[in-house]
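K.L.:
just to be clear, the model below is a prediction. Sequence and coordinates:
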Amino acid sequence: YVFRNHVTAHHDSIGLGGYGKMALKQTDTGKRPASVLLTPPVRGVPQTEIEFQITHMHDTPEDALRLGVCTGEHNLREGDDAGSSDGGWMFGCGTGMKFHAGEADAYVRQTVRPGDIVGVILDRMRCRVSIKINGVLQGVMFDNLPQEEDLYFVADLVTVGECVTICDALVTSGWDQLPQRLAIDPVEFTVT
């Protein structure tokens with residue numbers, strides 16, 4: 001997964017680097033978040049986690065970056081952010097709040113600082129998204145995601161200088177346990 005370097009996938013205020021692994025808010029958009037999508041969209045995979053390292057974020061919690069998933073249907077070119085759209089489910093790194101359709105609600109008390117690793121876990125089978133902070137699962141953030149639509153991992157960068165880097169991508173097959181092995185008794189010819 002990489003930040004998509006295409007005119008339809010990020011706002012002009014965001015610069016990309018590190019071969020698509022880093023996104024940086026370069027210019028001011030009047031305290032409005034600006035989105036950048038990761039590609040490809042998540043489809044056909046039961047569970048995917050993207051780990052982001054927070055390189056720099058604003059000191060004021062309300063102005064800090066947000067990470068999550070979205071349908072990609074909001075107008076990125078005009079500066080619409082995923083957290084304000086009906087098709088966005090976001091975690092506020094500075095406040096611990098969750099954002100969807102322009103509404104903010106309490107989620108966790110733990111906030112994020114530069115250097116921290118935030119994992120966004122998308123579970124397509126259960127239609128939910130969860131957050132990990134430095135490897136510690138914070139619980140389910142939203143459990144009402146659409147099952148059939150394409151979903152993208154997304155970063156909403158709020159203030160100039162905010163920077164986030166993709167550290168890792170983890171994809172699971174959906175198996176909770178290994179298949180059971182058959183033991184055959186050669187004397188009795190029975191399957192146990």
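P.N.:
Looks like it arrived, so ask away. Residues are numbered from 1 along each chain as shown.
K.L.:
who does the closest residue to D123 other than its chain neighbours bridge with?
P.N.:
Nearest residue to D123, sequence neighbours excluded (Cβ to Cβ, 6 or more residues apart in numbering): Q47, at 4.9 Å. C-beta: built from backbone N, CA, C; applies to glycine. Following DSSP bridges, Q47 is listed with bridge partners D123, T172.
K.L.:
skip the chain neighbours and tell me the closest residue to the spatially most central residue of the chain.
P.N.:
Residue closest to the mean C-alpha point of the chain, counted by Cα atoms, centre = their mean, is G68 at 3.3 Å. Spatially, and ignoring its direct neighbours in sequence, G68 is nearest to M90 (3.6 Å; Cβ to Cβ, 6+ apart).
K.L.:
strand partners (parallel or antiparallel) of the helix or strand harbouring the one you found?
P.N.:
Using DSSP states H and E, M90 sits in strand 88-92. Strand pairing for strand 88-92, determined by DSSP bridges: strand 66-70 (antiparallel), strand 97-100 (antiparallel).
K.L.:
and the ones you listed: which comes nearest D116?
P.N.:
Among the strands paired with strand 88-92, the nearest to D116 by Cβ to Cβ is strand 66-70 (11.2 Å).
K.L.:
quick check, pLDDT for Y1.
P.N.:
Listed pLDDT for Y1 reads 86.
K.L.:
ok, now which ones touch it?
P.N.:
L38, T39, P40, I50, F153, I166, A169 (Cβ atoms under 8 Å, 6 or more residues apart in numbering).
K.L.:
of those - the most surrounded one?
P.N.:
Neighbour count (other Cβ atoms under 10 Å) singles out F153 as the most crowded of these, with 26 neighbours.
K.L.:
pLDDT wise, what is Q53 at?
P.N.:
97.
K.L.:
go ahead and confirm it touches C167.
P.N.:
Yes. Using Cβ atoms under 8 Å, Q53 is in contact with C167, at 4.9 Å.
K.L.:
more neighbours: those two, which one.
P.N.:
The residue with more neighbours, out of Q53 and C167, is Q53; 17 against 13, by other Cβ under 10 Å.
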